[in-house]
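>>> How does the following fold in three dimensions:
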Amino acid sequence: MLKIHFYENMGGWQRPEIVPMESIVLHPAAKVLHYAVELFEGMKAYRGTDGRIRIFRPELNMARMNLSAVRAGLPTFDGDQLIRCLSRLITVDQEWVPHSESSSLYIRPTLIGIDPALGVASCNSAMLFAILCPVGAYFDSKSSAISLLADPNHTRAWPGGCGDRKMGSNYAPTIHIQAEAAKRGLQQVLWLYGEDDLLTEVGTMNIFMVCLNDQGERELVTPPLDGLILPGITRQSILELAQAWGNIKITERNIPMKEVIFLEKHKRLLELFGTGTACVVSPISSITYKDLVIQVPSIEQEDALHAKLLKTLTDIQYGRIQHPWAVAIDDYDK
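Residues are numbered from 1 along each chain as shown. Sure, this is the predicted structure:
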């Protein structure tokens, strides 16, 4: 694991250490334990077809991590230097990077406030650490699309909050509702917001819709970055790929549930899918909302957009397509 301490009274960030995996010892008054003064990121390392190990757009993770740090009252850092530290860690543990194009090495950088004092305030001491873990498919391979519970009685984020920051405090309150979905035989929660039940996120993923608009055009729609949703790296990559392909209209706007119901009723709802580092792209098969079950024909489409996006992104990540988004760790670890 990687460990880097920050002490304001010692000049800031200290020398990085790569050490065997070990438990972390904290003072019982450490701010992270009482006020959730912490944040994290999710990244992956991929062993390519050429044997080289790559990471995907790491500079975006670093930028997002620093934005979360500012919001949490934690120290910021040089993103390029942390990428170099992570690359060195992966090099040391490179045998844990799976020799498989359906698996990868998950990277979890985490920053916590460790001031040994009670009181809600910015931290003068912190610890940044990173751990690694081999992972396979995020969802059960027996099902090619996921079912959702959309309960308007629960919301994940609100205007002026920190729903657009990757903090643990955003995730703990969702666990109970996820368990409720599982009890009903559903796989994920579709998070809604406001009087119009606007779609925001799917579990921990961003959401996209493909539909036929009023002009009969295929349109790719996703909620805007208005503070309610996480600015996903996969989300941004999908928007940039679709823009480059130029064969579908792209819109960032709010999507109310009544629009989804209308589109499904008139056979104009083509696809819904979630996106994120863990799953990359995950098609959606149905939404249970109030007394309705909305069927989504995502996997029934010929030349489905979600399938094309998944193939392109994984081709880039595993080096089947040479692309500047996929950076070989040996380019950093020099």
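>>> Just the pLDDT for Gln315.
Actually, residue 315 is Asp. It isn't Gln. The predicted local distance difference test score for Asp315 is 98.
>>> That one sits in which helix or strand?
When secondary structure is defined using DSSP states H and E, the element that contains Asp315 is helix 305-317.
>>> and the helix or strand following that helix, average pLDDT?
From helix 305-317 onward toward the C-terminus, using DSSP H and E, the following helix or strand is strand 326-328. For strand 326-328, the mean per-residue pLDDT is 97.
>>> contact partners of strand 326-328?
Surrounding strand 326-328, the residues in contact under the criterion CB atoms under 8 Å, 6 or more residues apart in numbering are 46, 48, 52-58, 316-317, 319. Glycine gets a C-beta too; all of them are placed from N, C-alpha and C.
>>> Quick one: distance of it to the chain centre.
Shown here is strand 326-328, whose average C-alpha point lies 19 Å from the average C-alpha point of the whole chain (CA atoms, centre = their mean, to the nearest Å).
>>> The residue lying closest to Leu225 once chain neighbours are set aside: how many residues sit nearby?
Closest residue to Leu225 in three dimensions, ignoring its sequence neighbours and counting by CB to CB, 6 or more residues apart in numbering: Pro231, at 5.3 Å. Burial measure for Pro231: 16 neighbouring residues, criterion other CB atoms under 10 Å.
>>> In contact with the residue minimising distance to the centre of the chain: list those residues for me.
Within the chain, one residue has its C-alpha closest to the average C-alpha position: by CA atoms, centre = their mean, that is Gly276, at 4.2 Å. Under the criterion of CB under 8 Å, 6+ apart, the contact list for Gly276 reads 42, 204-206, 232, 234.
>>> any weak-confidence spans in the stretch 101-250 of the chain?
Across the stretch 101-250 of the chain, residues meeting the criterion (pLDDT under 70) sit at 138-143.
>>> any idea where the strands of it begin and end?
Using DSSP state E, counting those that start in this stretch, the strands assigned to the stretch 101-250 of the chain run over residues 104-113, 125-135, 146-150, 188-193, 198-202, 205-212, 218-222, 249-252.
>>> Of all the ones you listed, which one is nearest Glu264?
Smallest distance to Glu264 across the strands of the stretch 101-250 of the chain (CB to CB): 9.4 Å, for strand 205-212.
>>> Just the buried residues of that closest one, please?
Under the neighbour-count criterion of 16 or more other CB atoms under 10 Å, strand 205-212 has 205-211 buried.
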